[in-house]
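Q: Quick one, fold the following:
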Amino acid sequence: MAPKIDGRQGTEQNLVAHLLALHGEVMSGEDLKRTLGYRSKRSYYRAIAEDRVPVKLFKLRGGRAWNARTQDVAEWLSRVGGLNEA
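A: Next comes the predicted model:
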């Protein structure tokens, strides 16, 4: 039997499931930039250069694009959106 989930935790799990279905395990490019709330490439890359991006970024071997785990992005969205408030 599945454990009971309160409303907020369920909402966070729905967010994670939704993002994973849309993007898979790794987000990158325009999707990552927009999900993190950056309106322009310039502001996004400036935040990367200044180490101000709210999730851990990485580059895949041989790749040029910055990537983030979709799970990390969902957890960040939950925190800033107030889904984890008691």
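Q: Provide a complete list of residue ranges assigned to helices in this protein.
A: 7-23, 29-35, 41-49, 70-81 (DSSP state H).
Q: so who does the residue nearest to the spatial centre of the chain touch?
A: Taking CA atoms, centre = their mean as the criterion, residue 73 is the residue nearest the geometric centre of the chain, at 1.5 Å. Contacts for residue 73 (CB atoms under 8 Å, 6 or more residues apart in numbering) come out as 19, 27, 32, 35-36, 55. Any C-beta I mention is one placed from the backbone N, CA and C, and that applies to glycine too.
Q: Relative to residue 18, how far out is it?
A: 11 Å (CB to CB, to the nearest Å).
Q: can you list the weak-confidence ranges in this protein?
A: 1-10, 82-86 (pLDDT under 70).
Q: quick one: residue 30 from residue 14, how far?
A: Counting by CB to CB - residue 30 and residue 14 are separated by 23 Å.
Q: likewise residue 21?
A: 11 Å.
Q: repeat for residue 34
A: For residue 34, the distance to residue 14 - CB to CB - is 20 Å.
Q: cool, residue 41 as well?
A: Applying CB to CB to residue 41 and residue 14 gives a distance of 30 Å.
Q: Check residue 47 too.
A: Distance, residue 47 to residue 14, by CB to CB: 27 Å.
Q: These two: which is more packed in?
A: The residue with more neighbours, out of residue 47 and residue 14, is residue 47; 17 against 13, by other CB atoms under 10 Å.
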